[in-house]
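Student: Everything below, folded, please.
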Amino acid sequence: MAHVELSLSDAFGRRQDPVDSLANWVASVAVAAEPCLIIDVDAVIAAASVSCCDLLGLGSPDSVVGQPLLDGNLRLVDFTTARNELTDAEVDKIPPLLALTSGRLAHGLLRVRTDPDGRSDATVDAIATPLLVDGAVAGSLTFFSEV
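Tutor: Presented below is the predicted three-dimensional model:
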């Protein structure tokens with residue numbers, strides 16, 4: 001009979017120091033192939049993958065890191081044919097921000113204007129999780145997928 005054992009100890013003898021998950025995820029997202037984004041607790045972009053920037057029409061990662069997520073970077077529109085910009089109340093409910101404020105996993109669809117002229121947009125599925133440092137929410141990590 002086969003036997004599988006799970007051990008939660010450190011199998012490789014590495015020292016288990018407290019980690020800053022925000023810093024670890026920033027390093028991973030910066031080189032990720034998947035469309036993903038990290039914002040800090042102030043909703044400032046801490047890291048974005050190239051594929052995320054392409055999908056959301058953000059420009060290059062270098063140009064958006066350190067910039068507020070919503071001040072002209074991410075242009076959200078509603079699902080009507082008029083494609084109106086979202087109200088502040090609606091924006092507060094988008095997954096990256098909801099994960100910050102709720103401290104929980106957040107999921108939803110977004111319609112994003114992908115060019116500065118407003119002629120094209122993309123519908124994306126977003127799943128966000130809060131990132132904790134010393135037990136407190138320090139940011140959120142969001143993965144995007146075009147629908």
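Student: This protein: helices as residue ranges?
Tutor: Per DSSP state H, the chain has helices spanning 21-30, 50-56, 61-64, 88-91, 95-102. These are given in chain order.
Student: Check which residues of stretch 38-50 are buried.
Tutor: Within stretch 38-50, the residues scored as buried using 16 or more other CB atoms under 10 Å are 38-41, 43-49. Using the backbone N, CA and C atoms, a C-beta is placed for each residue, glycine as well.
Student: Farthest-apart pair in those residues, please.
Tutor: Distance extremes for the buried residues of stretch 38-50: the farthest pair is 41 and 49 at 20.5 Å, using CB to CB.
Student: picking up where we left off before, now, which of the buried residues of stretch 38-50 sits nearest residue 82?
Tutor: residue 43 (26.2 Å).
Student: hang on, that closest one packs against residue 100?
Tutor: Yes. Counting by CB atoms under 8 Å, residue 43 does reach residue 100; the two are 7.0 Å apart.
Student: mind checking how far residue 126 is from residue 104?
Tutor: 14 Å (CB to CB, to the nearest Å).
Student: Residue 141 is in contact with residue 126, isn't it?
Tutor: No. Here residue 141 does not reach residue 126: they are 10.9 Å apart, not a contact under CB under 8 Å.
Student: from the buried residues of stretch 38-50, which ones fall inside strands?
Tutor: Among the buried residues of stretch 38-50, the members falling in strands (DSSP state E) are 38-40, 45-48.
Student: picking up where we left off before, looking at residue 126 and residue 104, which has the bigger crowd around it?
Tutor: residue 126 (23 against 11; other CB atoms under 10 Å).
Student: For the nearest residue to the more buried one once chain neighbours are set aside, the count of nearby residues, please.
Tutor: Nearest-residue entry for residue 126: residue 95, 4.2 Å, with adjacent residues in sequence omitted and distances by CB to CB, 6 or more residues apart in numbering. If you count neighbours by other CB under 10 Å, residue 95 ends up with 23.
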